[in-house]
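Peer 1: Pasting a predicted model and its sequence here:
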Amino acid sequence: MIEKTNPISPRTVSAPVVLRGEIGALVFACAHTDSIPSFPYLEFARRPAPAQSARILPIMAARRVPYAQGQGHQLQQDFDFFLVVDFEATCEKDARIYPQEIIEFPAVLVDGATGHLASAFRCYIRPKHHPALTKFCRDLTGIRQEDVDGGVDLGQALRLHDAWLKAATTTGAGTKRCDGRLAVVTWGDWDCRTMLEFECRFKGIEKPSYFDRWINLRVPFQAALGSGGRVNLQEAVRVAGLDWEGRLHCGLDDARNTARLLADLMLRGVKMSITDSLALPPPIQRQPPHTIRCDGSSALPRPPIRQQQQQLL
(Lines give C-alpha, C1' and ligand atoms only; values in the text may rest on other atoms or scores of the structure.)
Protein backbone atom coordinates (compact mmCIF):
# COMPACT_ATOMS: atom_id res chain seq x y z
CA MET A 1 0.00 0.00 0.00
CA ILE A 2 1.28 3.43 -0.90
CA GLU A 3 0.81 6.98 0.22
CA LYS A 4 1.13 9.85 -2.23
CA THR A 5 3.52 12.63 -1.26
CA ASN A 6 4.06 15.89 -3.08
CA PRO A 7 7.24 17.74 -2.08
CA ILE A 8 6.50 20.72 -4.32
CA SER A 9 2.85 21.53 -3.80
CA PRO A 10 1.73 22.53 -0.27
CA ARG A 11 -1.48 20.62 -0.88
CA THR A 12 -1.11 17.09 0.49
CA VAL A 13 -3.32 14.12 1.27
CA SER A 14 -4.24 14.17 4.95
CA ALA A 15 -6.73 11.30 4.65
CA PRO A 16 -5.65 7.65 4.52
CA VAL A 17 -5.05 6.53 0.96
CA VAL A 18 -5.31 3.07 -0.57
CA LEU A 19 -3.52 2.49 -3.84
CA ARG A 20 -4.29 -0.48 -6.05
CA GLY A 21 -4.03 -1.27 -9.72
CA GLU A 22 -7.29 -1.13 -11.65
CA ILE A 23 -7.99 -1.02 -15.38
CA GLY A 24 -4.56 0.36 -16.21
CA ALA A 25 -4.83 3.13 -13.64
CA LEU A 26 -3.95 3.74 -10.00
CA VAL A 27 -6.97 4.05 -7.74
CA PHE A 28 -6.90 6.35 -4.73
CA ALA A 29 -9.59 5.74 -2.11
CA CYS A 30 -9.81 8.67 0.27
CA ALA A 31 -11.63 8.02 3.54
CA HIS A 32 -12.39 11.72 3.98
CA THR A 33 -13.29 14.47 1.55
CA ASP A 34 -12.01 17.51 3.42
CA SER A 35 -8.63 17.23 1.69
CA ILE A 36 -8.91 16.07 -1.91
CA PRO A 37 -5.56 15.72 -3.68
CA SER A 38 -4.68 17.07 -7.07
CA PHE A 39 -2.27 15.04 -9.16
CA PRO A 40 -0.33 17.09 -11.73
CA TYR A 41 2.19 14.26 -11.51
CA LEU A 42 2.57 11.09 -9.45
CA GLU A 43 5.10 10.42 -6.72
CA PHE A 44 4.68 7.83 -3.97
CA ALA A 45 6.11 6.61 -0.69
CA ARG A 46 5.25 3.37 1.12
CA ARG A 47 3.11 3.09 4.26
CA PRO A 48 0.90 0.45 5.96
CA ALA A 49 -2.53 -0.17 4.44
CA PRO A 50 -5.45 1.69 6.04
CA ALA A 51 -8.97 0.32 6.41
CA GLN A 52 -11.05 -0.04 3.25
CA SER A 53 -13.77 2.55 3.89
CA ALA A 54 -13.56 4.84 0.89
CA ARG A 55 -15.96 7.70 0.34
CA ILE A 56 -14.55 8.94 -2.94
CA LEU A 57 -12.39 7.37 -5.59
CA PRO A 58 -10.43 9.88 -7.65
CA ILE A 59 -8.51 7.78 -10.17
CA MET A 60 -5.37 8.93 -11.89
CA ALA A 61 -3.43 7.12 -14.59
CA ALA A 62 0.16 6.31 -13.68
CA ARG A 63 1.03 6.48 -17.35
CA ARG A 64 -0.75 7.28 -20.56
CA VAL A 65 -2.48 4.17 -21.83
CA PRO A 66 -3.61 4.06 -25.47
CA TYR A 67 -7.24 2.99 -25.86
CA ALA A 68 -6.59 1.77 -29.39
CA GLN A 69 -3.73 1.09 -31.72
CA GLY A 70 -1.85 4.00 -33.20
CA GLN A 71 0.09 5.23 -30.18
CA GLY A 72 1.95 8.41 -31.01
CA HIS A 73 -0.36 9.54 -33.80
CA GLN A 74 -1.46 13.17 -33.68
CA LEU A 75 -5.20 13.34 -34.23
CA GLN A 76 -6.77 16.39 -35.86
CA GLN A 77 -9.55 17.37 -33.47
CA ASP A 78 -11.04 20.70 -32.45
CA PHE A 79 -10.87 19.77 -28.76
CA ASP A 80 -7.85 19.31 -26.53
CA PHE A 81 -9.69 16.99 -24.16
CA PHE A 82 -12.78 14.81 -24.23
CA LEU A 83 -14.57 14.24 -20.92
CA VAL A 84 -16.47 10.94 -21.10
CA VAL A 85 -19.22 10.49 -18.48
CA ASP A 86 -21.72 7.71 -17.83
CA PHE A 87 -23.91 8.22 -14.76
CA GLU A 88 -25.67 5.44 -12.86
CA ALA A 89 -28.88 6.33 -11.05
CA THR A 90 -31.46 4.86 -8.68
CA CYS A 91 -33.78 2.47 -10.49
CA GLU A 92 -36.28 -0.34 -10.13
CA LYS A 93 -37.36 -3.13 -12.47
CA ASP A 94 -40.54 -2.37 -14.43
CA ALA A 95 -41.21 0.72 -12.31
CA ARG A 96 -40.31 4.39 -12.13
CA ILE A 97 -38.54 5.98 -9.20
CA TYR A 98 -39.27 9.66 -8.65
CA PRO A 99 -37.15 11.57 -8.30
CA GLN A 100 -34.39 9.52 -9.87
CA GLU A 101 -30.96 10.39 -8.43
CA ILE A 102 -27.39 9.85 -9.60
CA ILE A 103 -25.49 7.36 -7.42
CA GLU A 104 -22.26 6.90 -9.39
CA PHE A 105 -20.42 9.81 -11.00
CA PRO A 106 -17.60 8.48 -13.22
CA ALA A 107 -15.53 10.38 -15.76
CA VAL A 108 -12.67 9.50 -18.10
CA LEU A 109 -10.50 12.23 -19.60
CA VAL A 110 -9.15 11.49 -23.09
CA ASP A 111 -6.35 13.44 -24.75
CA GLY A 112 -7.73 14.88 -27.97
CA ALA A 113 -4.35 14.81 -29.72
CA THR A 114 -3.49 11.16 -29.07
CA GLY A 115 -6.61 9.36 -27.85
CA HIS A 116 -4.74 8.29 -24.73
CA LEU A 117 -6.11 8.08 -21.21
CA ALA A 118 -5.15 11.25 -19.33
CA SER A 119 -7.02 10.67 -16.07
CA ALA A 120 -10.18 9.19 -14.58
CA PHE A 121 -12.53 9.96 -11.71
CA ARG A 122 -15.23 8.19 -9.76
CA CYS A 123 -17.41 9.39 -6.92
CA TYR A 124 -20.32 7.60 -5.25
CA ILE A 125 -23.28 9.80 -4.38
CA ARG A 126 -25.69 9.37 -1.48
CA PRO A 127 -29.31 9.61 -2.74
CA LYS A 128 -31.53 11.86 -0.65
CA HIS A 129 -35.08 10.85 -1.58
CA HIS A 130 -34.59 7.08 -1.96
CA PRO A 131 -31.53 6.34 0.19
CA ALA A 132 -32.03 2.55 0.15
CA LEU A 133 -31.02 1.02 -3.17
CA THR A 134 -33.36 -1.57 -4.63
CA LYS A 135 -32.09 -5.11 -5.13
CA PHE A 136 -32.56 -4.61 -8.87
CA CYS A 137 -30.35 -1.50 -8.79
CA ARG A 138 -27.63 -3.21 -6.75
CA ASP A 139 -27.60 -6.26 -9.03
CA LEU A 140 -27.65 -4.16 -12.22
CA THR A 141 -24.90 -1.70 -11.33
CA GLY A 142 -22.81 -3.63 -8.82
CA ILE A 143 -23.07 -0.65 -6.47
CA ARG A 144 -23.38 -1.68 -2.83
CA GLN A 145 -25.53 0.04 -0.23
CA GLU A 146 -22.41 0.89 1.76
CA ASP A 147 -20.94 2.62 -1.30
CA VAL A 148 -23.73 5.19 -1.43
CA ASP A 149 -24.10 5.38 2.36
CA GLY A 150 -20.48 6.58 2.46
CA GLY A 151 -20.91 8.84 -0.55
CA VAL A 152 -21.32 12.59 -0.89
CA ASP A 153 -24.21 14.69 -2.15
CA LEU A 154 -24.44 15.69 -5.81
CA GLY A 155 -23.34 19.28 -5.22
CA GLN A 156 -20.15 18.17 -3.50
CA ALA A 157 -19.55 15.53 -6.18
CA LEU A 158 -19.71 18.23 -8.86
CA ARG A 159 -17.23 20.38 -6.94
CA LEU A 160 -14.86 17.45 -6.46
CA HIS A 161 -15.15 16.55 -10.12
CA ASP A 162 -14.47 20.12 -11.20
CA ALA A 163 -11.40 20.31 -8.96
CA TRP A 164 -10.13 16.99 -10.34
CA LEU A 165 -10.69 18.16 -13.91
CA LYS A 166 -8.77 21.38 -13.36
CA ALA A 167 -5.89 19.46 -11.78
CA ALA A 168 -5.88 16.87 -14.56
CA THR A 169 -5.62 19.56 -17.25
CA THR A 170 -2.96 21.58 -15.42
CA THR A 171 0.79 21.01 -15.33
CA GLY A 172 2.86 20.83 -12.17
CA ALA A 173 3.88 24.45 -12.74
CA GLY A 174 0.25 25.52 -12.43
CA THR A 175 -0.28 26.32 -16.10
CA LYS A 176 -2.83 24.73 -18.38
CA ARG A 177 -1.51 21.96 -20.58
CA CYS A 178 -3.45 23.46 -23.47
CA ASP A 179 -5.90 26.24 -24.17
CA GLY A 180 -8.60 24.24 -22.42
CA ARG A 181 -10.93 23.29 -25.26
CA LEU A 182 -13.07 20.56 -23.71
CA ALA A 183 -16.04 18.53 -24.93
CA VAL A 184 -18.21 16.23 -22.84
CA VAL A 185 -18.88 12.86 -24.47
CA THR A 186 -21.78 10.51 -23.68
CA TRP A 187 -23.48 7.51 -25.25
CA GLY A 188 -26.95 8.95 -25.81
CA ASP A 189 -28.39 12.21 -24.53
CA TRP A 190 -29.77 10.90 -21.23
CA ASP A 191 -26.76 11.73 -19.03
CA CYS A 192 -26.60 15.48 -19.73
CA ARG A 193 -30.00 16.37 -21.17
CA THR A 194 -32.14 14.38 -18.76
CA MET A 195 -30.46 13.03 -15.65
CA LEU A 196 -27.91 15.64 -14.58
CA GLU A 197 -30.00 18.59 -15.76
CA PHE A 198 -33.17 17.38 -14.03
CA GLU A 199 -31.53 16.57 -10.72
CA CYS A 200 -29.63 19.86 -10.60
CA ARG A 201 -32.81 21.80 -11.34
CA PHE A 202 -34.85 19.76 -8.86
CA LYS A 203 -32.32 20.27 -6.06
CA GLY A 204 -31.28 23.83 -6.97
CA ILE A 205 -27.67 22.83 -7.68
CA GLU A 206 -25.47 24.87 -9.99
CA LYS A 207 -23.42 22.74 -12.36
CA PRO A 208 -20.42 23.65 -14.53
CA SER A 209 -21.39 25.06 -17.91
CA TYR A 210 -19.33 22.48 -19.82
CA PHE A 211 -22.13 19.99 -19.11
CA ASP A 212 -24.56 22.12 -21.16
CA ARG A 213 -23.30 20.79 -24.49
CA TRP A 214 -21.99 17.41 -25.44
CA ILE A 215 -21.09 14.88 -28.11
CA ASN A 216 -23.53 11.98 -28.30
CA LEU A 217 -21.04 9.38 -29.53
CA ARG A 218 -23.88 7.36 -31.02
CA VAL A 219 -24.13 10.00 -33.79
CA PRO A 220 -20.55 9.79 -35.19
CA PHE A 221 -20.55 6.02 -34.63
CA GLN A 222 -23.67 5.58 -36.75
CA ALA A 223 -22.19 7.81 -39.44
CA ALA A 224 -18.90 5.89 -39.54
CA LEU A 225 -19.77 2.28 -38.69
CA GLY A 226 -23.53 2.03 -38.27
CA SER A 227 -25.74 -0.06 -40.52
CA GLY A 228 -28.83 2.04 -39.92
CA GLY A 229 -30.15 0.06 -36.95
CA ARG A 230 -30.02 1.31 -33.38
CA VAL A 231 -27.31 -0.38 -31.32
CA ASN A 232 -26.39 -0.16 -27.66
CA LEU A 233 -22.92 0.69 -26.36
CA GLN A 234 -21.81 -2.91 -25.94
CA GLU A 235 -22.84 -3.74 -29.51
CA ALA A 236 -21.09 -0.62 -30.83
CA VAL A 237 -17.85 -1.62 -29.11
CA ARG A 238 -18.11 -5.06 -30.72
CA VAL A 239 -18.85 -3.59 -34.18
CA ALA A 240 -15.68 -1.48 -33.85
CA GLY A 241 -13.69 -4.68 -33.34
CA LEU A 242 -13.00 -4.05 -29.65
CA ASP A 243 -13.53 -6.38 -26.71
CA TRP A 244 -15.76 -5.17 -23.90
CA GLU A 245 -13.74 -4.51 -20.75
CA GLY A 246 -15.20 -4.64 -17.26
CA ARG A 247 -18.76 -4.91 -16.03
CA LEU A 248 -21.75 -3.66 -18.01
CA HIS A 249 -23.66 -0.91 -16.14
CA CYS A 250 -20.69 -0.15 -13.92
CA GLY A 251 -20.49 3.57 -14.63
CA LEU A 252 -16.70 3.72 -14.70
CA ASP A 253 -16.40 0.66 -16.95
CA ASP A 254 -19.10 2.02 -19.28
CA ALA A 255 -17.25 5.35 -19.45
CA ARG A 256 -13.95 3.57 -20.18
CA ASN A 257 -15.47 1.55 -23.00
CA THR A 258 -17.08 4.69 -24.41
CA ALA A 259 -13.65 6.35 -24.28
CA ARG A 260 -12.09 3.38 -26.09
CA LEU A 261 -14.75 3.61 -28.80
CA LEU A 262 -14.17 7.38 -29.03
CA ALA A 263 -10.43 6.84 -29.54
CA ASP A 264 -11.07 4.14 -32.14
CA LEU A 265 -13.32 6.46 -34.15
CA MET A 266 -10.75 9.27 -33.95
CA LEU A 267 -8.03 6.93 -35.20
CA ARG A 268 -10.32 6.09 -38.13
CA GLY A 269 -10.28 9.78 -39.04
CA VAL A 270 -13.67 10.76 -37.60
CA LYS A 271 -13.66 14.39 -36.49
CA MET A 272 -15.75 15.00 -33.40
CA SER A 273 -18.17 17.89 -33.07
CA ILE A 274 -20.89 18.89 -30.63
CA THR A 275 -24.12 17.04 -31.40
CA ASP A 276 -26.50 18.54 -28.86
CA SER A 277 -26.86 21.15 -26.14
CA LEU A 278 -29.35 22.49 -23.67
CA ALA A 279 -31.58 25.15 -25.18
CA LEU A 280 -30.75 28.62 -23.97
CA PRO A 281 -33.55 30.27 -21.98
CA PRO A 282 -35.61 32.74 -24.01
CA PRO A 283 -34.38 36.33 -23.81
CA ILE A 284 -36.04 38.54 -21.25
CA GLN A 285 -38.82 40.53 -22.89
CA ARG A 286 -38.24 44.08 -21.79
CA GLN A 287 -41.07 46.57 -21.78
CA PRO A 288 -40.78 48.76 -24.91
CA PRO A 289 -39.63 52.30 -24.15
CA HIS A 290 -42.17 55.11 -24.13
CA THR A 291 -42.31 57.23 -27.25
CA ILE A 292 -42.14 60.97 -26.91
CA ARG A 293 -44.73 63.08 -28.69
CA CYS A 294 -43.96 66.44 -30.19
CA ASP A 295 -45.74 68.12 -27.30
CA GLY A 296 -43.33 66.49 -24.84
CA SER A 297 -45.81 63.97 -23.41
CA SER A 298 -45.06 60.25 -23.50
CA ALA A 299 -47.11 57.48 -25.04
CA LEU A 300 -46.71 53.73 -25.41
CA PRO A 301 -46.17 52.40 -28.94
CA ARG A 302 -49.30 51.40 -30.82
CA PRO A 303 -50.18 47.72 -30.30
CA PRO A 304 -50.15 45.36 -33.28
CA ILE A 305 -53.23 45.40 -35.53
CA ARG A 306 -54.50 42.04 -34.24
CA GLN A 307 -54.20 43.27 -30.67
CA GLN A 308 -56.07 46.46 -31.59
CA GLN A 309 -58.90 44.41 -33.07
CA GLN A 310 -59.14 42.29 -29.94
CA GLN A 311 -59.36 45.42 -27.82
CA LEU A 312 -62.25 46.68 -29.96
CA LEU A 313 -64.29 43.45 -29.56
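Peer 2: Looks like it arrived, so ask away. Keep in mind that what you see is a predicted model, and the values were worked out from it rather than measured.

Peer 1: So which residues of the stretch 151-300 of the chain form strands?
Peer 2: 182-186, 213-216, 276-277, 291-292, 298-299 (DSSP state E, counting those that start in this stretch).

Peer 1: which stretches of the protein aren't confidently modelled?
Peer 2: Low-confidence segments of the chain, defined by pLDDT under 70: 1-74, 171-180, 280-313.

Peer 1: residue boundaries of the helices in it?
Peer 2: All helices of the chain, identified by DSSP state H, fall at 135-141, 145-149, 154-168, 197-203, 218-224, 233-239, 251-267, 305-312.

Peer 1: so which of those is the most packed in?
Peer 2: Stretch with highest mean neighbour count among those: helix 251-267 (a mean of 24; mean count of other C-beta atoms under 10 Å). Every C-beta, even on glycine, is put in place using the N, C-alpha and C of the backbone.

Peer 1: Pull out the buried positions in stretch 114-131.
Peer 2: Across stretch 114-131, burial judged by 16 or more other C-beta atoms under 10 Å covers 114-127, 130.

Peer 1: Now for the closest residue in space to Leu252 that isn't next to it in sequence: which residues touch it?
Peer 2: Leaving aside its sequence neighbours, Leu252 sits nearest to Pro106 (C-beta to C-beta, 6 or more residues apart in numbering; 4.0 Å). For Pro106, the contact set (C-beta atoms under 8 Å, 6 or more residues apart in numbering) comprises Val85, Asp86, Phe87, Ala120, Phe121, Arg122, Cys123, Gly251, Leu252, Asp254, Ala255.

Peer 1: re the thing from before, who wins for proximity to Glu245 among the helices of the chain?
Peer 2: Set against Glu245 and scored by C-beta to C-beta, those come closest in helix 251-267, at 6.1 Å.

Peer 1: Counting by contacts, list what the closest one packs against.
Peer 2: strand 81-85, strand 102-111, strand 117-124, strand 182-186, helix 218-224, helix 233-239 (3 or more C-beta pairs under 8 Å, 6 or more residues apart in numbering; DSSP states H and E).

Peer 1: can you put these in JSON lines and add distance to Ala167?
Peer 2: Formatted as JSON lines, those follow (distance: least, C-beta to C-beta, whole Å):
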{"stretch": "strand 81-85", "distance to Ala167": "13"}
{"stretch": "strand 102-111", "distance to Ala167": "11"}
{"stretch": "strand 117-124", "distance to Ala167": "8"}
{"stretch": "strand 182-186", "distance to Ala167": "14"}
{"stretch": "helix 218-224", "distance to Ala167": "29"}
{"stretch": "helix 233-239", "distance to Ala167": "28"}
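
Peer 1: can you tell which of those is closest to Phe198?
Peer 2: Judging the helices and strands packed on helix 251-267 by C-beta to C-beta, what sits closest to Phe198 is strand 102-111, at 10.0 Å.

Peer 1: Describe which strands that closest one pairs with in its sheet and in which direction.
Peer 2: strand 81-85 (antiparallel), strand 88-89 (antiparallel), strand 117-124 (antiparallel) (DSSP bridges).

Peer 1: Would you mind putting the ones you listed into JSON lines with distance to Asp212 alongside?
Peer 2: As requested, the strands paired with strand 102-111 are exported to JSON lines (distance: least, C-beta to C-beta, whole Å):
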{"stretch": "strand 81-85", "distance to Asp212": "13"}
{"stretch": "strand 88-89", "distance to Asp212": "19"}
{"stretch": "strand 117-124", "distance to Asp212": "19"}
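
Peer 1: Among those, single out whichever gets nearest to Ser227.
Peer 2: strand 81-85 (24.0 Å).
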